[in-house]
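In: Everything below, folded, please.
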Amino acid sequence: MTFEEFTVKFGVKLNERQSAAVRAARGPVLLLAVPGSGKTTVIIARIAYMLYCLGIEPGRILTMTYTVAATNEMRARFAAKFGEEYAGALEFCTINALCARIIYRYGATRGREIFELVEGQPGGGAAGRISRIYAALYGRQPSESDVRDIRTHITYCKNMQLGRSEMTSIKLEGADFTEIYKAYRQNLTRDRLMDYDDQLRYAFTILRKCPDILSELHGRYHYINVDEAQDTSKIQHNIIALLASGRRNLFMVGDEDQSIYGFRAAYPQALLDFDRVYAPARTLLMERNYRSTGEVVERANRFIEQNTGRYSKRMVTDNVWGAPLRRIVVSDMALQYHYLADMASRSTLETAVLYRNNDSAIPIIDALDKIGADYTGGPSDTSFFTSYIVRDVSNIIRFALAPDDLELFLSIYRQLDLRLREDAVGRLRQRVSGGRVRDVIRALLSDKLLGHTAVERVKALRDALGDIRSARRSDVVTAAIDTTGYGRHLKSRSADSQRVSILKAVAEQSSGASALLRRLNELREMISARAGAGKSAGRGLILSTIHSAKGLEFERVIIIDATQGVLPSVEPPGEGSKPDGRELALLEEERRVFYVGVTRAKKYLEFITYENEFGRRVGRSFPFVDAITGEGPALPP
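Out: Reported below is the predicted structural model:
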């Protein structure tokens, strides 16, 4: 069957660049596909072309995707377009699934017992083990947020193939990451278990040290396709290089401009190194966007071209110019949630609200729930509520409302820098346990052995607790942080200021201290229930992080919280200075995150910015929004 006969028979409609990619069946080929350019269409059409026009056996073609969902979608799309005849015989899988088969093949040929996956084991899988290790090492239970951060760091280390000395730069709040990592590795090895990152490590080692297994794979897979190559990690790219070293028929599809998973060890440098690693190789471009208006495409182009670590390419479109980008400026941060709630109650247009961190959704959900508006998406866990900032501030407020609760006081006094000696705390325990006091602060101040500095700080705390009890709306959180001394603790830890802002946003929609605590508990239960029920089928606004929205498209996109410190999260270099290599890499990934969010919009793209936070001028800046709307300077390249 000729290519022309193939396109007619199956109704395949391709532009010139797409056709070239479909017919590039042999040798190492890198296809750089801009957002909305039809990369999945090209991948499945190329597989069908290889089958029907070149006569290649389906079992010789291996197609690897980033997620199980992407694997299932690609198989379904192939079957729907080109029939079931070959769909069942083709190999669509994730890299992890292939690595699992490599490991089991090793076990079968060597007569070795293979480690089981830790996920699904009793005790909560990897998260449960990390939690128990943390508690054993530090004598306290880690929060859900702590465990999530540790798992992310472990994934990064294993996927970037870091050595022990390189791990020392990874910092945790109140814990030693290398100590936890070592204990976790020993724990898994002792119980003959592995996690998903170990699957990659073990498979890579097997391919390097067992030439018979590598040769067997070379004999089976003559053609290898890799989707979402910009999200693929360093160790995964090294595995792919070994698999492709036999026949060298590698088709890698990606876009370095859309690499936004650096925290998971995504390695876009592999795309930039493709010509060198697989020389001689071809690089093809698909630059035509079928998704967005000309206005969105042109502004996105200008924005991402500030990055230096990228190929020279320019997105184009035949779509109409469309509506201009819209910047909605509200006077106060709190008003953006009222704006979104009002929109949700009256808009019939598919609208996605995108943000950098899941925390940004909390006050939106609060506002929507209060007017009975439905929404889709939102946080998949309750880590915001278990973070140390939310925990500490909540405990400070609880203690203000329950001044006789010694355990609450003991949970917060170190963070308040009261300069209390351990003997003073011991005497306090004795007095309270004896039932002789009803007010912990009064009991402290009655201690004749308390030092002068401690007395002055405890008195200041007494006054601050009164401020908390009488405060209203966001002033409750302000009092809990600024007047108790907790703010100094946050500053010393270079704490995430966004979580403080989110707490204030929830407090702004509550009447006072007790109401805030009740509302935080209600929101936690609400989000937990929705996460436990799986993907929401509700209508209304679509709430999503930019990372979760990658690969999706929406009629209208509204991006919020694109403020300095959140997106971008890195500080800009000082005037007249240039960022160093690491700073530049972080800044360019931040631009890519914003670019991915922008290019989800089909027709309408909006940004919300604000001048104040809860009635106070805070000097927030929005450099990415300024840059893309043309209303201010961009961060320097």
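
In: Where does pLDDT dip in the stretch 451-600 of the chain?
Out: Scanning the stretch 451-600 of the chain for pLDDT under 70 picks out 532-539, 572-577, 579.

In: where do the strands sit along it?
Out: 541-545, 554-559 (DSSP state E, counting those that start in this stretch).

In: What of the stretch 51-200 of the chain?
Out: Going by DSSP E, counting those that start in this stretch, the stretch 51-200 of the chain shows strands at 61-65, 91-94, 116-117, 193-194.

In: Need the winner for burial among those strands.
Out: strand 61-65 (a mean of 23; mean count of other CB atoms under 10 Å). In short, each C-beta sits where N, CA and C put it, glycine included.

In: what residues does it touch?
Out: 43, 47, 50-51, 71, 74, 90-95, 98, 221-228, 240, 243 (CB atoms under 8 Å, 6 or more residues apart in numbering).

In: Of those residues, select the buried ones using a PyMOL command.
Out: Burial among the contacts of strand 61-65 is assessed by 16 or more other CB atoms under 10 Å; the matching PyMOL selection reads:
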select buried, resi 43+47+50+51+71+74+90+91+92+93+94+95+98+221+222+223+224+225+226+227+228+240+243
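
In: Turn the strands of the stretch 451-600 of the chain into TSV, columns for mean neighbour count.
Out: Output for these, formatted as TSV (neighbours: other CB atoms under 10 Å):
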stretch	mean neighbour count
strand 541-545	23
strand 554-559	22
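
In: Select, out of these, the one closest to Gly377.
Out: strand 541-545 (4.3 Å; CB to CB).

In: who does the closest one touch, helix- and strand-wise?
Out: Applying 3 or more CB pairs under 8 Å, 6 or more residues apart in numbering; DSSP states H and E, we find strand 541-545 packed against helix 333-346, strand 351-355, helix 361-370, strand 375-377.

In: go again using 6 Å as the cut-off
Out: Judged by 3 or more CB pairs under 6 Å, 6 or more residues apart in numbering; DSSP states H and E, the packing partners of strand 541-545 are strand 351-355, strand 375-377.

In: Paired strands for the last one, with orientation please.
Out: This means strand 375-377. With DSSP bridges as the test, strand 375-377 is paired with strand 541-545 (parallel).

In: Okay, angle between the strand it pairs with and helix 333-346 too, please.
Out: 130 degrees (axes from the mean of the first three to the mean of the last three CA atoms, to 10 degrees).

In: Need the contact partners of strand 541-545.
Out: The contact list for strand 541-545, computed with CB atoms under 6 Å, 6 or more residues apart in numbering, reads 344, 351-354, 358, 361, 375-378.

In: If we ignore the residues flanking it in sequence, what's nearest Val105?
Out: Check again: residue 105 is Arg, not Val. Ile213 (5.9 Å; CB to CB, 6 or more residues apart in numbering).

In: what's the answer for Arg429, then?
Out: Counting by CB to CB, 6+ apart, Arg429 lies nearest to Leu406, which is 7.1 Å off, once chain neighbours are set aside.

In: picking that back up, pLDDT score assigned to the residue nearest to Arg105?
Out: Per-residue pLDDT puts Ile213 at 97.

In: returning to what we had before: possible to save the strands of the stretch 51-200 of the chain as JSON lines with mean pLDDT?
Out: Conversion of these to JSON lines gives the following (pLDDT from 0 to 100):
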{"stretch": "strand 61-65", "mean pLDDT": "96"}
{"stretch": "strand 91-94", "mean pLDDT": "95"}
{"stretch": "strand 116-117", "mean pLDDT": "94"}
{"stretch": "strand 193-194", "mean pLDDT": "96"}
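
In: mind checking which of the ones you listed is nearest Val8?
Out: strand 61-65 (23.0 Å).

In: The closest one pairs with which strands?
Out: Paired strands of strand 61-65, defined by DSSP bridges, are strand 91-94 (parallel), strand 223-226 (parallel).

In: Fine by me, we can end here.
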